[in-house]
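Visitor: Prediction below, plus the sequence it came from.
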Amino acid sequence: MNELDVGAATGPPKRGPRRRRVRTRGGPGVPLPLLLPALIGLAFLIVPLVALLVRAPWRSLPELLTSAEVWQALRLSLVCATAATAVSLVIGVPLAWLLARVEFPGRGLVRALVTLPLVLPPVVGGVALLMALGRNGIIGKSLDDWFGITLPFTTTGVVIAEAFVAMPFLVISVEGTLRAADPRFEEAAATLGASRFTAFRRVTLPLIAPGIAAGAVLAWARALGEFGATITFAGNFPGRTQTMPLAVYLALQSDPEAAIALSLVLLAVSVAVLAGLRDRWMTAG
């Protein structure tokens with residue numbers, strides 16, 4: 001009997017139980033020097049949020065959220081964030097189209113200036129708004145002298161401050177969607193006699209609608225959580241300029257439970273935004 005006959009008679013060699021091993025895309029396992037810092041970083045980000053949930057006054061939460069002061073701040077925040085998002089849509093979508101479709105000198109500089117509020121400290125943004133739109137500002141002085149319009153420390157000032165810090169999120173999202181969209185559809189519409197604005201309204205807008213929606217949601221969430229520019233430019237007046245983040249800051253000094261309740265609302269909004277956008281960004285690639 002040769003080796004082939006022996007192999008056929010005995011069958012294939014038996015294999016032991018398969019063991020699952022943690023693997024990564026770049027190698028056979030997870031190196032300990034990377035795993036420990038990763039776990040520490042995860043705990044650093046999650047533990048404060050867990051602590052907020054643990055210390056939350058769940059039994060008195062309905063009463064806290066329905067109190068006059070909290071409801072006033074909630075209502076004002078929702079109204080101002082929605083108005084700021086509307087302003088961002090009206091002027092931000094055309095700005096994104098300009099950056100994505102039009103070649104002009106200094107376009108890179110303009111894009112950098114548009115995205116500057118993303119990294120600018122919000123308090124600095126509030127000071128800049130005061131220097132521009134305050135009663136003695138380069139534009140605000142003329143508005144006050146000629147039309148009697150005063151923007152700082154008003155509800156309109158809250159909307160302006162929130163739009164200033166939130167609009168870059170919309171512009172970046174829409175510009176990226178425009179760059180990914182095929183411009184040949186617009187060219188085809190132009191060859192059929194459509195003007196550039198008609199092609200934008202009838203062809204481009206439907207194509208980039210998902211990007212506009214995602215950018216609007218991000219801008220709304222950012223406006224809802226704005227603090228620094230709002231308190232610097234609009235102040236902290238209950239019922240007029242006191243939004244939820246400002247109410248959290250004020251309540252933390254006198255009523256910590258109310259501060260936690262408002263913080264939970266903002267946390268829930270953030271989670272809802274991430275859940276709604278997970279198919280677009282969180283699972284990308």
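Guide: On my side now, so go ahead.
Visitor: separation between the spatially most central residue of the chain and residue 116?
Guide: For the chain, the residue lying nearest the average C-alpha position, counting by Cα atoms, centre = their mean, turns out to be residue 218 (3.3 Å). For residue 218, the distance to residue 116 equals 17 Å [Cβ to Cβ, to the nearest Å]. All C-beta atoms are positioned from the backbone trio N, CA, C, and that covers glycine.
Visitor: Below-threshold pLDDT in the stretch 151-285 of the chain: ranges please.
Guide: Applying pLDDT under 70 to the stretch 151-285 of the chain flags residues 278-285.
Visitor: any idea where the helices of it begin and end?
Guide: In the stretch 151-285 of the chain, the segments counted as helices under DSSP state H, counting those that start in this stretch are 155-180, 184-191, 196-199, 205-224, 228-233, 244-254, 256-277.
Visitor: In TSV, list these along with distance to residue 112.
Guide: Converted to TSV, the helices of the stretch 151-285 of the chain look like this (distance: least, Cβ to Cβ, whole Å):
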stretch	distance to residue 112
helix 155-180	11
helix 184-191	26
helix 196-199	26
helix 205-224	19
helix 228-233	19
helix 244-254	27
helix 256-277	25
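Visitor: hang on, isn't the residue nearest to the centre of the chain packed against residue 173?
Guide: Yes - here residue 218 reaches residue 173: they are 6.4 Å apart, a contact under Cβ atoms under 8 Å.
Visitor: The residue nearest to residue 138 when sequence neighbours are not counted - how many residues pack around it?
Guide: Nearest in space to residue 138, with sequence neighbours left out and distances taken as Cβ to Cβ, 6 or more residues apart in numbering, is residue 132 at 5.8 Å. Other residues near residue 132 number 15, with proximity taken as other Cβ atoms under 10 Å.
Visitor: Same question for residue 62.
Guide: By other Cβ under 10 Å, 9 other residues sit near residue 62.
Visitor: Can I get stretch 57-73 as CSV, trimmed to CA atoms?
Guide: Taking C-alpha atoms only, stretch 57-73 is exported to CSV below (Å, rounded to 0.1, in the frame of the first residue of the first chain):
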residue,chain,number,x,y,z
PRO,A,57,-32.8,63.5,38.6
TRP,A,58,-35.0,61.1,36.7
ARG,A,59,-38.0,61.3,39.1
SER,A,60,-38.2,65.0,39.1
LEU,A,61,-37.2,65.4,35.4
PRO,A,62,-40.7,66.0,34.1
GLU,A,63,-41.3,68.7,36.7
LEU,A,64,-38.0,70.4,35.9
LEU,A,65,-38.5,70.4,32.2
THR,A,66,-42.0,71.8,32.5
SER,A,67,-41.0,74.7,34.8
ALA,A,68,-41.5,78.2,33.4
GLU,A,69,-37.8,79.1,33.3
VAL,A,70,-36.7,75.9,31.6
TRP,A,71,-39.5,75.9,29.1
GLN,A,72,-38.8,79.5,28.3
ALA,A,73,-35.2,78.6,27.5
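Visitor: If you count neighbours, what's buried in it?
Guide: Applying a neighbour-count criterion of 16 or more other Cβ atoms under 10 Å, the buried positions in stretch 57-73 are 64, 69, 70, 73.
Visitor: Now name the helix or strand holding the first one.
Guide: Looking back up the chat, that one is residue 64. Residue 64 is part of helix 61-65, with elements assigned from DSSP states H and E.
Visitor: what's the next secondary structure element after that helix?
Guide: According to DSSP H and E, the helix or strand after helix 61-65 is helix 68-101.
Visitor: Can you list the buried residues in that following helix?
Guide: Using 16+ other Cβ under 10 Å as the test for burial, helix 68-101 gives 69-70, 73-74, 76-77, 80-81, 83-85, 87-89, 92-93, 95-101.
Visitor: That one: how far from the chain's middle?
Guide: For helix 68-101, the distance between its averaged C-alpha position and the chain's averaged C-alpha position is 12 Å (Cα atoms, centre = their mean, to the nearest Å).
Visitor: so what's residue 69 closest to, chain neighbours aside?
Guide: Nearest residue to residue 69 in three dimensions, chain neighbours excluded: residue 238, at 6.7 Å (Cβ to Cβ, 6+ apart).
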